[in-house]
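Student: quick one, structure for this:
(2 chains)
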Amino acid sequence: MYKKGVRLVLTFFVLMSFWLALSQNLEPISLLIGALFSFLVALLSYDFFIKPDEGIRGRVIRTIWLLLIYIFVLLYEMFLASIDVVYRVITMDINPEVVMIKTDIKSDLGIVLLANSITLTPGTITIDIEGDHLYVHWLYARTTHFGHAAELIKGRFEHWLGRIFI
Amino acid sequence: MIAYPFIFLGLIFIFFGTLGIVRFPDIYTRLQTSSKCDTAGAVALLVGLILKEGFDSFSLRILIILVFLLFTNPVASHAIARSAAIRGTKPWRKKKKC
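Tutor: Residues are numbered from 1 along each chain as shown, chains lettered A, B, ... in the order given. Down below sits the predicted model:
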């Protein structure tokens, strides 16, 4: 649980580091403009950037570390999926279906990341979300069975995201 | 010159992604290629550029673009697919052989 001021300062530091990375300029006037606008934007947006009920203090480092690993897992799976889609483009061997799967992740951010990962990986696009049910369009549907399709689509992502967001 | 295979791979992915947009039958299957192949192609291309340039401030900016792309591209595909589903576009299905 973070207090209001801590969230404001954290948002300010993230915005300011982005300003420094993008402007690459250490002159005083540039730093002043960056600090001013970082503060204004942080004032407007800290409530969306860090939710009051998210970000438990002791787990931030672990979450960032797991997210880095997760990005590499995602990139690897994404390249495998792209090679598969290239194969389907060449041969036109497709069998599209819309299937519904259920996820065990409760947190909103976790569901968003899971839906994004599903869109990027094995020939699937998330069409709609109702509660914890995801409607998924599958380019080459091997099965339409509820549980089996969920196993094939979610794969290892839910395992990793479940460790991060519960 | 480890960078050139990455750039070449990215171009191949983007080429086949675009070809898929022309060849596939309906909006959902076209989104499949544009979301996956284009993201993978762009990631490979940008990683190739980072390796070519070496690790300095320029490649830091490319890295920021890469992470941004990895977040926004699936969201855009999802938004298009959802709007098509709300309008009631039926997904194309393979004709069953009787």
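
Student: and A:Leu139, how many neighbours does it have?
Tutor: Here the count is done by other CB atoms under 10 Å in any protein chain shown, and A:Leu139 has 24 residues near it. All C-beta spots, glycine's among them, are computed from the backbone N, C-alpha and C.

Student: surely it meets A:Val98?
Tutor: No - counting by CB atoms under 8 Å, A:Leu139 sits too far from A:Val98 to count as a contact (11.2 Å).

Student: now the helices for chain A?
Tutor: Under the criterion DSSP state H, chain A contains helices at A:4-23, A:28-49, A:60-91, A:108-120, A:146-154, A:157-165.

Student: the longest helix seen in chain B to helix A:4-23, inter-axis angle?
Tutor: Among all segments of chain B classified by DSSP H, the helix with the greatest residue count is helix B:57-87. Taking axes from the mean of the first three to the mean of the last three CA atoms, to 10 degrees, helix B:57-87 and helix A:4-23 form an angle of 110 degrees between their directions.

Student: same for helix B:57-87, what does it pack against?
Tutor: helix A:4-23, helix A:108-120, strand A:124-130, helix B:27-53 (3 or more CB pairs under 8 Å, 6 or more residues apart in numbering or on different chains; DSSP states H and E).

Student: sorry, back to before: now, of the helices of chain A, which is deepest in the fold?
Tutor: Highest mean neighbour count of the helices of chain A: helix A:108-120, a mean of 20 (counted as mean count of other CB atoms under 10 Å in any protein chain shown).

Student: quick one: it near chain B?
Tutor: Yes - looking at helix A:108-120 against chain B by CB under 8 Å from any CB of the partner chain, the contacts come from A:Ala115, A:Asn116, A:Ser117, A:Thr119, A:Leu120.

Student: how near is the last one to A:Lys4?
Tutor: In this structure, A:Leu120 and A:Lys4 are 35 Å apart, going by CB to CB, to the nearest Å.

Student: picking up where we left off before, in a markdown table: the helices and strands packed on helix B:57-87, plus distance to A:Leu67 and mean pLDDT.
Tutor: Converted to a markdown table, the helices and strands packed on helix B:57-87 look like this (distance: least, CB to CB, whole Å; pLDDT from 0 to 100):
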| stretch | distance to A:Leu67 | mean pLDDT |
| --- | --- | --- |
| helix A:4-23 | 15 | 82 |
| helix A:108-120 | 9 | 78 |
| strand A:124-130 | 20 | 78 |
| helix B:27-53 | 17 | 83 |
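
Student: out of those, which is closest to A:Glu77?
Tutor: Comparing the helices and strands packed on helix B:57-87 against A:Glu77 with CB to CB, the closest turns out to be helix A:108-120 (7.8 Å).

Student: what packs against the closest one?
Tutor: Counting contacts by 3+ CB pairs under 8 Å, 6+ apart, helix A:108-120 packs against helix A:60-91, strand A:124-130, strand A:133-138, helix A:146-154, helix A:157-165, helix B:27-53, helix B:57-87.

Student: helix, strand, or coil at B:Lys90?
Tutor: Here B:Lys90 is recorded as coil under DSSP: H, G, I helix; E, B strand; the rest coil.

Student: tell me how many other residues surround it.
Tutor: In terms of burial, B:Lys90 registers 10 neighbours under the definition other CB under 10 Å.
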